[in-house]
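Trainee: A predicted structure for the sequence below; I have some questions about it.
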Amino acid sequence: MIDRLTIAQVLESYPFARDFLDQNRLNVSGSEHLTFAEFLKRIDADEIEDQALRIETLQDDLNRYIEQILDFLGVEESGAVRSLTILPGHDKDKTPETFERLDIYRSQIVSIVGPTGSGKSRLLADIEWAAQRDTPTGRAILINGENPDPKWRYSSNNKLVAQLSQNMNFVMDLSVGEFIEMHAESRMIGNRAEIKAKILAEANRLAGESFLASAPVTSLSGGQSRALMIADTAILSASPIVLIDEIENAGIDRRKALDLLVSQDKIVLMATHDPLLALLADRRIVIQNGGIRKVVETRAEEKALLLEFNQIDAVMQEARRKLRAGERLGEVDGKIGLRFPADDRRFA
Ligand SMILES: Nc1ncnc2c1ncn2[C@@H]1O[C@H](COP(=O)(O)OP(=O)(O)O)[C@@H](O)[C@H]1O
Ligand SMILES: [Mg+2]
């Protein structure tokens, strides 16, 4: 839950975290502007050895420590989701999954990679349904370290997850404006006109072709309806967990969509084949034959590659735009070639 916070912010929000640092003889003075993970990376090898520090687990330990203290203090309002845990089940051949448990905290992004048909959507569905060894994978999901309250399963206004699935079809006979209003109403939002305008504007930023509030939802293209759902989810949904299934196939600007969806305090899981999106995550779950084979931390070197991927991607996007607009490719300043845009550091 603290991964994106600086140490100063962590100590401000959770003053008792100081005890954890002291107990582990971690001297953070002068490093308060770093995140805890950055701080851990800077501890030199001698010190690690001298103090017998278990660097790999300290981050998780601190997360768990804060969670336990909050539980003990009863500070967070009840029902707040602070962590999601996946407990192993089995693959399609009933071979047990070998990871012990996988804890995901607020503000963490985890991607899910693996071949088509390997079980990525199935894993998202396990989470959406808060599986209790009652799905084809035999997995169990814990919320805040415990078996989830049945309310997550059965109540529709109290949804655990905001799911953005691969296929989204509207069957209702509503205009875009009415659709948004209906949602805003059911979520008891006050300033509806403002919210409606905001969602429409964001949806149009994501979609290739723009659309109006008066358009019937059934007339939207696949990309437009996905854009609408994403903007709606990002702006209206109070769900603590966001599940995203192959957003890159949606015919929308996937990076803008992610920017919009990934807000500070959510747990985000995203199935993807797109290196740009996969590397954006802090960790990636690798799925094969229905089972979770491993969980890989995104290395700093891989994050650095994102910069290059963003440039390559910008070139491809520009080529796509030109082709669509009927322009010719390969003419830059009167010569044949490609223009590489300036660094895009949005996801650095
Ligand atoms: N562990 C498992 N045991 C049994 N069936 C599984 C398992 N994992 C996935 N499946 C099934 O395999 C099929 C393909 O999975 P899916 O999640 O759609 O793949 P992907 O999203 O990676 O393309 C689905 O019918 C799904 O229910
Ligand atoms: Mg799928």
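Mentor: Looks like it arrived, so ask away. Ligands and ions are numbered 1, 2, ... in the order given.

Trainee: show me the shaky parts of the stretch 51-200 of the chain.
Mentor: The stretch 51-200 of the chain contains residues with pLDDT under 70 at 71-79, 151-172, 186-190.

Trainee: quick check: residues of it near ligand 1?
Mentor: Those residues of the stretch 51-200 of the chain that sit near ligand 1, judged by Cβ under 6 Å from any ligand atom, are 90-92, 114, 116-122, 136-137. No exception for glycine: its C-beta is placed from N, CA and C like everyone else's.

Trainee: now list the buried members of those.
Mentor: Under a neighbour-count criterion of 16 or more other Cβ atoms under 10 Å, the subset of those counted as buried comprises 91, 114, 118-122, 137.

Trainee: so residue 305 touches residue 279, yeah?
Mentor: Yes. Applying Cβ atoms under 8 Å as the test, residue 305 and residue 279 come out as touching, 6.7 Å apart.

Trainee: the two: who's more crowded?
Mentor: residue 279 (19 against 15; other Cβ atoms under 10 Å).

Trainee: got the phi and psi for the more buried one?
Mentor: As for residue 279, its main-chain torsions (degrees, to the nearest 10) stand at phi -80, psi -10.

Trainee: please apply the same query to residue 37.
Mentor: Dihedral pair for residue 37: phi -60, psi -40, per degrees, to the nearest 10.

Trainee: list the contacts for it?
Mentor: For residue 37, the contacting residues are 3, 59, taking Cβ atoms under 8 Å, 6 or more residues apart in numbering as the criterion.

Trainee: that one and residue 291: what is the separation?
Mentor: Separation of residue 37 from residue 291 (Cβ to Cβ, to the nearest Å): 28 Å.

Trainee: now swap in residue 261 and tell me
Mentor: 27 Å.

Trainee: compare the two (neighbour count), which wins?
Mentor: More crowded of residue 261 and residue 291, by other Cβ under 10 Å: residue 291, with 25 against 21.

Trainee: state the pLDDT value of the more buried one.
Mentor: The model reports residue 291 with a pLDDT of 98.

Trainee: repeat that for the one 10 residues further on.
Mentor: The pLDDT attached to residue 301 in the predicted structure is 92.

Trainee: buried residues in the strand or helix carrying it?
Mentor: Using DSSP states H and E, residue 301 sits within helix 300-324. Residues of helix 300-324 classed as buried under the neighbour-count rule (16+ other Cβ under 10 Å) are 306, 309-310, 313-314, 318.

Trainee: of the residues you listed, closest to ligand 1?
Mentor: Closest approach between the buried residues of helix 300-324 and ligand 1, by Cβ to the nearest ligand atom: residue 309, at 22.1 Å.

Trainee: so who does the closest one touch?
Mentor: Residues in contact with residue 309 (Cβ under 8 Å, 6+ apart) are 275-276, 279.
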